[in-house]
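Student: sequence first, predicted model second:
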Amino acid sequence: MSTSLRNSILSLAAAGFLVGGIALALFWAPEDADQGFSQKIFYIHVPIALTAYACFGFGAWKALRLLWTKDARYDLESYTAIHMGVIFGLLTLATGSIWAKISWGHWWTWGERQLVLFLILFLFYSSYFMLRYSTEPGPRRQRNSAVYALFGVVLIPVSFLAVRIAGTILHPTIFTHEGANLPGEMLLAFCICLAGMLALAATLYRVELAGKRIDSSLRELRELLA
Amino acid sequence: MSGYAADVAALARKDLLLELRSRDTLPAMLLFVVSALTVFHFALPPDSSARAETGLLWIAIVFTALLGLTRAFAPEREDGLLDGLVLAPCDRSAIWVGKTIGVIAFLVLAELVALPAFALFFHSLSWELVAAVALADIGIAAIGTLLAAIAAASRARELLLPLLFLPLAIPVVIGGVGASVAANPGSFLGFLGLYDAVFAILSWASFEYVVTE
């Protein structure tokens, strides 16, 4: 299967799942008893957050592969995945902030554990970009970035634990230890939205990676000609 | 003493000896932490609580550590010492262990001044606070040494290290402040111990990739 065909299928899947999932969430899933209509942002906010985690995890996996195999192509893949993770992380902060405003009347609340965690992660991965931009390209930069990306994926559970023991418990816990306690319709709409968001991230990742690869080949060609 | 331990001891001894002869870092850290505590006294309103003062002590500790860490790889960088160390016939993680021991020593010495000064300026110390500071030192030194090596390879160096370090130091501050002021210090101390173990192992294992040319 050619790359462009695969990209088209992925982007169509993303569009289909997202539109379908949001339509189901808005018109079919029952309204939340406590929060009413504003709870609908749950179907966008939580899939975006989970997609951001998936991007960070994928980037760390590629970083591990780089350190393991010393194959330089994993560097660009890890970088692109983290790039996508930062974009989805920023969207998580934005949607979470809107939800906080509607539910509690404040744009920012330190009691919202997931938001605080994403702020820490956003700061951490923004520093990842600073690190990349201030180091000369080469194997040294690839390895240093990879090590830092691995630290990130360890920081996620550690910060989660830290924010959990530090914070007050205000966030509505939808998933408990016993598993999802969503009604079936809500869960289905949520899963379709999650699938759409993951497909969207995968599409963006592939397009961005292709662009970055072309960019670096072009730079090599220019250096050869110069 | 055999092999690895001897290498670590020699490397840590080298750092301490260098500092003893040049006196570059430690006096700066001592002066900085006392100045910072003085600034904090004036930054706090007169009727602020002991909890707020404890929080500021943690900021002073983190920033003092940062000051020391920006200098941690200065001799290696300026005199091309790191190439020699990497070429030396020892395990490269031993360089990290030796350097971390040196950083912990500097931090402990700075805190031997900072904690009594804090007790003198603000309020008396609890044993939980001292235990939390001791645990936090290990985590800060472990992760800071690795990040200092990463930052030393970049153009921005002193500018980059705080950016890399502070997001990773947030859990240390949460654990430290929690252990100092919360009703259940045990769980926060346990968290700090867990942080130390996780990041020390990760830094120890990944240091080799950071210094290899």
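Tutor: Right, received. Where do you want to start?

Student: all helices of the chain, in order?
Tutor: Defaulting to chain A. A:3-27, A:42-69, A:73-104, A:113-133, A:139-166, A:184-225 (DSSP state H).

Student: meant chain B, my bad for not saying
Tutor: Using DSSP H, helices in chain B cover B:3-22, B:26-43, B:50-70, B:74-78, B:81-87, B:92-121, B:127-152, B:160-181, B:185-211.

Student: what are the buried residues along the fourth one?
Tutor: Of the residues in helix B:74-78, B:74-76 count as buried by neighbour count, 16 or more other C-beta atoms under 10 Å in any protein chain shown. Glycine gets a C-beta too; all of them are placed from N, C-alpha and C.

Student: and the average pLDDT for that helix is what?
Tutor: Helix B:74-78 shows a mean pLDDT of 78.

Student: what does it rub up against?
Tutor: B:18, B:24, B:81-82, B:85, B:152 (C-beta atoms under 8 Å, 6 or more residues apart in numbering or on different chains).

Student: what parts of chain B come near chain A?
Tutor: Counting by C-beta under 8 Å from any C-beta of the partner chain, the residues of chain B close to chain A are B:143, B:146, B:150, B:153-156, B:159-160, B:163-164, B:166-168, B:170-171, B:174-175, B:178, B:187-188, B:191, B:194-195, B:198-199, B:202, B:206, B:209-210, B:212-213.

Student: so where's chain A uncertain?
Tutor: Within chain A, the ranges that satisfy pLDDT under 70 run A:1, A:33-34, A:167-181.

Student: can you tell me the closest non-neighbouring residue to the residue nearest the centre of chain A?
Tutor: Nearest to the mean C-alpha position of chain A, by C-alpha atoms, centre = their mean, lies A:Ala52 at 1.2 Å. Spatial nearest neighbour of A:Ala52, excluding adjacent residues (C-beta to C-beta, 6 or more residues apart in numbering or on different chains): A:Phe88 at 3.8 Å.

Student: compute the number of surrounding residues for residue 93.
Tutor: I went with chain A, as the question did not name one. 21 (other C-beta atoms under 10 Å in any protein chain shown).

Student: switch to chain B, please.
Tutor: For B:Ser93, using other C-beta under 10 Å, the count is 18.

Student: pLDDT weak spots in chain B?
Tutor: B:1, B:213.

Student: give me every residue in chain A lying close to chain B.
Tutor: A:67, A:120-121, A:123-124, A:126-127, A:130-131, A:134-136, A:140-141, A:143-144, A:146-148, A:150-151, A:154-155, A:158-159, A:161-163, A:165-166.

Student: just the buried residues out of those residues, in PyMOL syntax.
Tutor: A single PyMOL command selects the buried members of the residues of chain A next to chain B (16+ other C-beta under 10 Å):
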select buried, chain A and resi 67+120+121+124+127+130+131+134+135+140+141+143+144+146+147+148+150+151+155+158+159+161+162+163+165+166
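
Student: straight-line length of stretch B:41-55, end to end?
Tutor: This stretch, stretch B:41-55, spans 12 Å end to end (C-alpha to C-alpha, to the nearest Å).

Student: for B:Ser22, which residues are in contact?
Tutor: Contacts of B:Ser22 (C-beta under 8 Å, 6+ apart): none.

Student: just A:Gly89 next, same as before
Tutor: A:52, A:56, A:118, A:121-122, A:125.

Student: hmm, try it at 6 Å
Tutor: A:52, A:118, A:121-122 (C-beta atoms under 6 Å, 6 or more residues apart in numbering or on different chains).

Student: including distance to B:Ala132, could those residues go into a markdown table?
Tutor: As requested, the contacts of A:Gly89 are exported to a markdown table (distance: C-beta to C-beta, whole Å):
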| residue | distance to B:Ala132 |
| --- | --- |
| A:Ala52 | 31 |
| A:Phe118 | 26 |
| A:Leu121 | 24 |
| A:Phe122 | 27 |
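
Student: and those, which is closest to chain B?
Tutor: A:Leu121 (7.9 Å; C-beta to the nearest C-beta).

Student: before we move on, the earlier item: looking at the helices of chain B, which is nearest to A:Ala201?
Tutor: helix B:160-181 (22.6 Å; C-beta to C-beta).

Student: just want the angle from that closest one to helix B:50-70.
Tutor: 150 degrees (axes from the mean of the first three to the mean of the last three C-alpha atoms, to 10 degrees).

Student: other residues contacting helix B:160-181?
Tutor: A:120, A:123-124, A:127, A:130, A:134, A:158-159, A:162, A:166, B:51, B:54-55, B:58, B:62, B:66, B:70, B:128-129, B:132, B:136, B:139, B:143, B:147, B:151, B:154, B:185, B:188-189, B:191-192, B:195.

Student: how far is that helix from where the chain is centred?
Tutor: Mean-position distance between helix B:160-181 and its chain equals 11 Å (C-alpha atoms, centre = their mean, to the nearest Å).

Student: ok and that helix relative to helix A:113-133, angle-wise?
Tutor: Calculated by the same axes, to 10 degrees, helix B:160-181 forms an angle of 150 degrees with helix A:113-133.

Student: with only the CA atoms kept, save helix B:160-181 in PDB.
Tutor: Output of helix B:160-181 as PDB, limited to C-alpha atoms (Å, rounded to 0.1, in the frame of the first residue of the first chain):
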ATOM      1  CA  LEU B 160      19.400  25.600  29.700                       C
ATOM      2  CA  LEU B 161      20.100  23.800  32.900                       C
ATOM      3  CA  PRO B 162      17.300  25.500  35.000                       C
ATOM      4  CA  LEU B 163      14.800  24.900  32.200                       C
ATOM      5  CA  LEU B 164      15.700  21.200  32.100                       C
ATOM      6  CA  PHE B 165      15.900  20.800  35.900                       C
ATOM      7  CA  LEU B 166      12.900  22.700  37.300                       C
ATOM      8  CA  PRO B 167      10.100  20.600  35.800                       C
ATOM      9  CA  LEU B 168      11.800  17.500  37.200                       C
ATOM     10  CA  ALA B 169      12.300  19.200  40.600                       C
ATOM     11  CA  ILE B 170       8.600  19.900  41.000                       C
ATOM     12  CA  PRO B 171       7.900  16.400  42.600                       C
ATOM     13  CA  VAL B 172      10.900  17.000  44.900                       C
ATOM     14  CA  VAL B 173       9.400  20.200  46.100                       C
ATOM     15  CA  ILE B 174       5.900  18.600  46.500                       C
ATOM     16  CA  GLY B 175       7.400  15.800  48.600                       C
ATOM     17  CA  GLY B 176       9.600  18.100  50.600                       C
ATOM     18  CA  VAL B 177       7.000  20.700  51.400                       C
ATOM     19  CA  GLY B 178       4.500  17.900  52.100                       C
ATOM     20  CA  ALA B 179       6.800  16.200  54.500                       C
ATOM     21  CA  SER B 180       7.600  19.500  56.300                       C
ATOM     22  CA  VAL B 181       4.000  20.700  56.800                       C
END
